[in-house]
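Enquirer: the amino acid sequence is not available; the structure is as follows:
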């Protein structure tokens, strides 16, 4: 079982993102504030959960969290400011829209920058340690997957309903064959012809 949060003195929001390594689509970021007694045996780093488990936990988190927000940062914006800054921006935007102001942020990862005047701590593999970060990872991942599945209907050649925009062999071959869409990150695809396909 994960610990509920990193610290207990201040109201805390856990923050995480999904889609940093994708060739297409936005990066999604979530901020989640959980009740102090929240726990669930299946809750974990979203990458360690099945799609069915993530969908189940998404419904529970969205129902039981004190507050939650998910924000998307577009491929165009990622190209403008780079993926790391886009991840920071997405988490900051999510926190800023929380209906309850947190007094502390628990951030998954080893780096964070923000203009928000809220103390924070970066926690490597935090989504496998603290429930509020894990809940944010589940929301970011499920909202992004749902978005890419919808987008796949308009661009069926790329297999986004399966690869969610990640650089699978199928996706890279489709880019070579059909070119880029407005949803592709140009900075991620600049060397697609040189990418190893196997």
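Expert: Now that the structure is in, tell me what you want to look at. Source: prediction; values computed, not measured.
Enquirer: going forward, measure contacts between C-alpha atoms and count neighbours the same way
Expert: Fine.
Enquirer: tell me if I'm right that residue 77 and residue 86 touch.
Expert: Yes: the pair residue 77 and residue 86 qualifies as a contact (Cα atoms under 8 Å) at a distance of 7.1 Å.
Enquirer: more neighbours: the two, which one.
Expert: residue 86 (25 against 16; other Cα atoms under 10 Å).
Enquirer: could you find the closest non-adjacent residue to that one?
Expert: residue 78 (5.5 Å; Cα to Cα, 6 or more residues apart in numbering).
Enquirer: kindly report the same for residue 184.
Expert: residue 24 (4.0 Å).
Enquirer: and the pLDDT at the one you found?
Expert: pLDDT for residue 24: 97.
Enquirer: what of residue 189?
Expert: In this model, residue 189 carries a pLDDT of 85.
Enquirer: with the one 5 residues further on instead?
Expert: If you check residue 194, the pLDDT there is 50.
Enquirer: go on, residue 45?
Expert: 86.
Enquirer: for it, what are its contacts?
Expert: 127-128, 134, 137-138 (Cα atoms under 8 Å, 6 or more residues apart in numbering).
Enquirer: same question for residue 24.
Expert: Per Cα under 8 Å, 6+ apart, neighbours of residue 24: 75, 165-166, 183-185.
Enquirer: so how far is residue 188 from it?
Expert: 8 Å (Cα to Cα, to the nearest Å).
Enquirer: can you classify the residue located most distally from the centre of the chain by secondary structure?
Expert: For the chain, the residue at maximal distance from the C-alpha centroid (Cα atoms, centre = their mean) is residue 177, at 28.7 Å. Here residue 177 is helix, with the state taken from DSSP: H, G, I helix; E, B strand; the rest coil.
Enquirer: quick one, helices of the protein?
Expert: Assigned by DSSP state H, the helices in the chain fall at 51-64, 75-81, 83-96, 131-152, 160-163, 169-178, 186-189.
Enquirer: export the ones you listed to TSV and tack on distance to residue 44?
Expert: Converted to TSV, the helices of the chain look like this (distance: least, Cα to Cα, whole Å):
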stretch	distance to residue 44
helix 51-64	9
helix 75-81	27
helix 83-96	19
helix 131-152	6
helix 160-163	22
helix 169-178	28
helix 186-189	29
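Enquirer: what does the helix or strand of the chain with the lowest mean pLDDT contact?
Expert: Sorting the helices and strands of the chain by mean pLDDT, DSSP states H and E puts helix 186-189 at the bottom, at a mean of 88. Contacts to helix 186-189, defined as Cα under 8 Å, 6+ apart, come from residues 23, 79.
Enquirer: mind listing what's buried in it?
Expert: Under the neighbour-count criterion of 16 or more other Cα atoms under 10 Å, helix 186-189 has 186, 188-189 buried.
Enquirer: closest to residue 34 among those?
Expert: residue 188 (34.8 Å; Cα to Cα).
Enquirer: now the closest one: how far from residue 95?
Expert: Distance from residue 188 to residue 95, by Cα to Cα: 27 Å.
Enquirer: ok, residue 142 next?
Expert: 18 Å.
Enquirer: try residue 139
Expert: Taking Cα to Cα as the measure, residue 139 falls 14 Å from residue 95.
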